[in-house]
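J.: here is a sequence together with a model predicted from it:
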Amino acid sequence: MVKILGLLDLFVAFLLLSVITGIDFPKGIIILFSVILLVKAIPFLPDIGSFFDLTASVLLILTFFIVVPQGILVIAIILLGIKGFMSLFA
């Protein structure tokens, strides 16, 4: 189960990377994975990893409405990527 959640983190990091590079994904996929990440984050909110999930979910939704600075997106990509790889190899 942990490996599936790690793959989810890596895919959301890829979605955030696609925002920077300009690769277009259907909005339904982005919203679906953002909601899944949000639901995954809420039960464990005091944990720092869940805070990263919550932040990434909000950032994905915000990219529909505003231009999020690339620096913030890069930080979120790095944190989610590290978290995803650690979940895969744990």
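T.: Done, it's in. Numbering: from 1, shown residues only.

J.: show me where this protein has its helices.
T.: 2-21, 27-41, 48-62, 70-88 (DSSP state H).

J.: for those helices, give me JSON lines that also has mean pLDDT and mean neighbour count.
T.: C-betas here are computed from N, CA, C, even on glycine. Shown next, in JSON lines, are the helices of the chain (pLDDT from 0 to 100; neighbours: other CB atoms under 10 Å):
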{"stretch": "helix 2-21", "mean pLDDT": "92", "mean neighbour count": "17"}
{"stretch": "helix 27-41", "mean pLDDT": "92", "mean neighbour count": "15"}
{"stretch": "helix 48-62", "mean pLDDT": "92", "mean neighbour count": "18"}
{"stretch": "helix 70-88", "mean pLDDT": "94", "mean neighbour count": "17"}
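
J.: how far does stretch 2-19 sit from its chain's centre?
T.: Distance of stretch 2-19 from the chain centroid (CA atoms, centre = their mean, to the nearest Å) equals 6 Å.

J.: now it - C-alpha only, CSV.
T.: Only the C-alpha atoms of stretch 2-19 are listed here, as CSV (Å, rounded to 0.1, in the frame of the first residue of the first chain):
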residue,chain,number,x,y,z
VAL,A,2,2.8,2.4,0.8
LYS,A,3,4.3,1.8,-2.6
ILE,A,4,1.1,2.8,-4.3
LEU,A,5,1.0,6.0,-2.3
GLY,A,6,4.6,6.7,-3.2
LEU,A,7,3.7,6.3,-6.9
LEU,A,8,0.8,8.7,-6.3
ASP,A,9,3.3,11.3,-4.9
LEU,A,10,5.6,10.8,-7.9
PHE,A,11,2.8,11.2,-10.4
VAL,A,12,1.6,14.4,-8.7
ALA,A,13,5.2,15.7,-8.8
PHE,A,14,5.2,14.9,-12.5
LEU,A,15,1.9,16.8,-12.9
LEU,A,16,3.5,19.8,-11.1
LEU,A,17,6.5,19.5,-13.4
SER,A,18,4.2,19.5,-16.4
VAL,A,19,2.8,22.8,-15.3
